[in-house]
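Peer 1: This is a predicted model, with the sequence first.
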Amino acid sequence: MRFLRAAPAIAYAGLIYGFIFLPVAVLVLFSFQGSRVPIPPFDGPSLEWYRAVFADSRMMAALGNSVVVALLSSAVSVILGFLAAWGLARHDLRYSRLLHGFLMAPLTVSTLIVAMGLLITFNAIGIPKSLLAVGIGHVVINLPLCFAILYSQMGAHQANIERAARDLGAAEWQVLALVTVPMLWPALLAGFFLSVTFSWDEFIIAFMVTRFDATLPVEIWSMLRTGLNPRTNAVGSFVFLVSVAGVILLDLILFGRKRN
């Protein structure tokens, strides 16, 4: 009887998860297609298209560009987000609410509008289309996320511990490095891994402010212009698996922290 009562909820959950993950499952399945056409019937499994992807010099260059941009822009976003959150949470600043709103504003603006604004600004100040421009753009969209995560974790109990460290003779930099950062490292890691995930998948900014050094999403778009094939499925599956691995790693770190 209990199973019958729970059956509608189970069926509903199954439909929701199927709607979300079925397209991804089809993508991953047909990335192992043996023939050149990614349509039923399934002809595989085969690793031919994964080998073709990793043997493609342009694809590997784009992969390297995406990794560098994601790691560096995420690190900068976390550092700037932490400093901004610490300044607004620990100091009584004039117009702090206005500053808070400015920091969060990019989250309310379409990525396309942000990309257009960045393109105009870079042209005006002489920054060429490059991976540097992509990294700056990713900091713009990821910094508010890191700030929001870190600001929400700076509670009164942490302020009391920091005050106690100062009373014991710690300098301000020691309070930051030895007290504040260790208390906030789960939030710092959360901001970093989420920023890496968003930067890894981001297309619009990377498309508009690069010229020759493409990131992986831009290279995938170039491949899709010729139509779907198992090679594009293999690249898409790889991007998806890397994103999932990042989220799982973050969960393991945070759950490990809670158990400890």
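Peer 2: Everything's here; your move.
Peer 1: Flag every buried residue along the one helix or strand L241 maps to.
Peer 2: Counting by DSSP states H and E, the element that carries L241 is helix 230-259. Going by neighbour count (16 or more other Cβ atoms under 10 Å), the buried part of helix 230-259 is 230-239, 242, 246, 250. For the C-beta atoms, the positions are set from N, CA and C on the backbone; glycine is no exception.
Peer 1: a markdown table please, covering these and showing distance to I113 and pLDDT.
Peer 2: As requested, those are exported to a markdown table (distance: Cβ to Cβ, whole Å; pLDDT from 0 to 100):
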| residue | distance to I113 | pLDDT |
| --- | --- | --- |
| P230 | 36 | 75 |
| R231 | 33 | 79 |
| T232 | 28 | 81 |
| N233 | 31 | 81 |
| A234 | 33 | 84 |
| V235 | 28 | 83 |
| G236 | 26 | 81 |
| S237 | 31 | 83 |
| F238 | 30 | 81 |
| V239 | 25 | 80 |
| V242 | 28 | 78 |
| G246 | 27 | 73 |
| L250 | 29 | 71 |
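Peer 1: so W200 makes contact with V244?
Peer 2: No: taking contacts as Cβ atoms under 8 Å, W200 lies outside contact range of V244: 11.2 Å.
Peer 1: Distance check, the residue nearest to F122 when sequence neighbours are not counted against V139.
Peer 2: The shortest distance from F122 to any non-neighbouring residue, by Cβ to Cβ, 6 or more residues apart in numbering, is to A133 (5.4 Å). Distance check for A133 against V139: by Cβ to Cβ, to the nearest Å, it reads 11 Å.
Peer 1: So for R257, what's the pLDDT?
Peer 2: pLDDT recorded at R257 is 56.
Peer 1: cool, T180 as well?
Peer 2: At T180, pLDDT is 84.
Peer 1: swap in P128?
Peer 2: 90.
Peer 1: Can you read off the backbone torsions of it?
Peer 2: phi -70, psi 160 (degrees, to the nearest 10).
Peer 1: Give the full set of residues in contact with it.
Peer 2: F122, R211 (Cβ atoms under 8 Å, 6 or more residues apart in numbering).
Peer 1: Can you list phi and psi of S110 for me?
Peer 2: Torsion angles, degrees, to the nearest 10, at S110: phi -60, psi 140.
Peer 1: L249 versus that one, what's the distance?
Peer 2: Counting by Cβ to Cβ - S110 and L249 are separated by 30 Å.
Peer 1: Tell me the secondary structure of F21, please.
Peer 2: Three-state call for F21 (DSSP: H, G, I helix; E, B strand; the rest coil): helix.
Peer 1: What is the burial count for it?
Peer 2: 11 (other Cβ atoms under 10 Å).
Peer 1: quick one: pLDDT of it?
Peer 2: On the pLDDT scale, F21 gets 81.
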